[in-house]
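Peer 1: coords below, sequence missing:
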């Protein structure tokens with residue numbers, strides 16, 4: 001499908017989202033809280049569904 005924009009025809013992008021659409025989605029997305037205030041603060045409210053989150057501690061280097 002083609003449509004007229006800016007004086008010429010361009011193909012339509014079915015299902016394409018604007019940056020504004022993505023920002024609104026991120027702001028309104030539900031989160032899964034952990035019941036740990038510090039962790040929820042780091043995760044900005046909790047875990048996001050349908051995403052993989054890896055949590056690890058900082059590497060320790062021991063010098064003798």
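Peer 2: Yep, that arrived. This structure is a prediction, so every number in the text was calculated from the model and none was measured.
Peer 1: in which helix or strand would I find residue 24?
Peer 2: According to DSSP states H and E, residue 24 maps onto helix 19-28.
Peer 1: what's that helix in contact with?
Peer 2: residue 17 (CB atoms under 8 Å, 6 or more residues apart in numbering). Yep, even glycine has a C-beta here, placed from its N, CA and C like the rest.
Peer 1: following element in sequence after that helix, please.
Peer 2: Downstream of helix 19-28, the next assigned helix or strand under DSSP H and E is helix 37-42.
Peer 1: and that following helix, what's buried?
Peer 2: Within helix 37-42, the residues scored as buried using 16 or more other CB atoms under 10 Å are residue 40.
Peer 1: pLDDT on the helix holding residue 24, on average?
Peer 2: What helix 19-28 shows for mean pLDDT is 87.
Peer 1: relative to the whole chain's centre, how far out is it?
Peer 2: Helix 19-28 sits 9 Å away from the centroid of its parent chain (CA atoms, centre = their mean, to the nearest Å).
Peer 1: and the pLDDT for the nearest residue to residue 34 once chain neighbours are set aside?
Peer 2: Counting by CB to CB, 6 or more residues apart in numbering, residue 40 is the residue found nearest to residue 34 once chain neighbours are left out, at 5.5 Å. Residue 40 carries a pLDDT value of 91.
Peer 1: repeat for residue 3
Peer 2: On the pLDDT scale, residue 3 gets 54.
Peer 1: how near is the residue nearest the centre of the chain to residue 43?
Peer 2: Most central in the chain under CA atoms, centre = their mean is residue 26, positioned 5.9 Å from the mean C-alpha point. As for residue 26, its distance to residue 43 is 13 Å (criterion: CB to CB, to the nearest Å).
Peer 1: repeat for residue 16
Peer 2: As for residue 16, its distance to residue 43 is 29 Å (criterion: CB to CB).
Peer 1: comparing these two, which residue is more hemmed in?
Peer 2: residue 43 (17 against 7; other CB atoms under 10 Å).
Peer 1: dump the residue contacts of the more buried one.
Peer 2: 31, 34, 53.
Peer 1: all set now, cheers.
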